[in-house]
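Asks: Sequence below, structure please.
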Amino acid sequence: MNDDEKVLPQPINKNTSTGKSNSSKNEENKLDAESVKEPLKVTLALAAESNSGSKDDSITNFTKPQFVGSTAPNATVIIKINGIAVGQAVADSLGNFTFTAPETLTDGTYNLEAEAKTADGSGSAKLVITIDSVTDKPTFELSPESSVSGHKGLT
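Replies: Reported below is the predicted structural model:
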């Protein structure tokens, strides 16, 4: 076989090697609306019981927080923290799931992902949380003595 006779890989369309136009219909490669699946809708949030302080800031002082979410009923949900799979949950018949961090999380920011899978498809949701378990110590400032209504020493 000389260089002019080398067989090159062919694209999926069978008509390429025949010299026919690629505009011909090729039923084997045709996609229809039913074969293209929408990704599953998935939500992920810090559970109300684990959310200390403002409910909208995703900051908590819980070091083993609980998370809640929703997706397709009976879907398997893989939970990842900073890209590492740390556990899974199964959505109930309404699509709700809960998950508690399996290990104590130290103070810092974490990227979470809930990846849901069913026979019909998959989808994911992401959430960034901050663990801040160190409480600020209150500071007090003593004021100099003052006289209120003639009572010395009452401040």
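Asks: any idea where the strands of this structure begin and end?
Replies: 43-46, 59-60, 66-70, 76-81, 84-90, 96-100, 108-118, 121-131, 147-148, 151-152 (DSSP state E).
Asks: Show me the one of these that comes nearest K37.
Replies: When the strands of the chain are compared by Cβ to Cβ, strand 121-131 sits nearest K37, at 4.3 Å. To be clear about C-beta, it is placed using only N, CA and C from the backbone, and glycine gets the same treatment.
Asks: Which strands or helices does the closest one pack on?
Replies: Packing contacts for strand 121-131, counted by 3 or more Cβ pairs under 8 Å, 6 or more residues apart in numbering; DSSP states H and E, involve strand 43-46, strand 59-60, strand 108-118.
Asks: Now distance to T139 and mean neighbour count too, for the strands of the chain, in CSV please.
Replies: Supplementary listing: these in CSV, determined by distance: least, Cβ to Cβ, whole Å; neighbours: other Cβ atoms under 10 Å:
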stretch, distance to T139, mean neighbour count
strand 43-46, 29, 19
strand 59-60, 21, 18
strand 66-70, 33, 20
strand 76-81, 35, 19
strand 84-90, 38, 13
strand 96-100, 35, 17
strand 108-118, 25, 18
strand 121-131, 23, 16
strand 147-148, 24, 10
strand 151-152, 27, 9
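Asks: For P102, the count of nearby residues, please.
Replies: Residues near P102, counting by other Cβ atoms under 10 Å, number 11.
Asks: no wait, A91
Replies: Using other Cβ under 10 Å, A91 is surrounded by 23 other residues.
Asks: hang on, the earlier thing: mean pLDDT and distance to V134 added to the helices and strands packed on strand 121-131, as TSV?
Replies: Formatted as TSV, those follow (pLDDT from 0 to 100; distance: least, Cβ to Cβ, whole Å):
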stretch	mean pLDDT	distance to V134
strand 43-46	97	18
strand 59-60	94	12
strand 108-118	97	11
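Asks: Many thanks, we can stop here.
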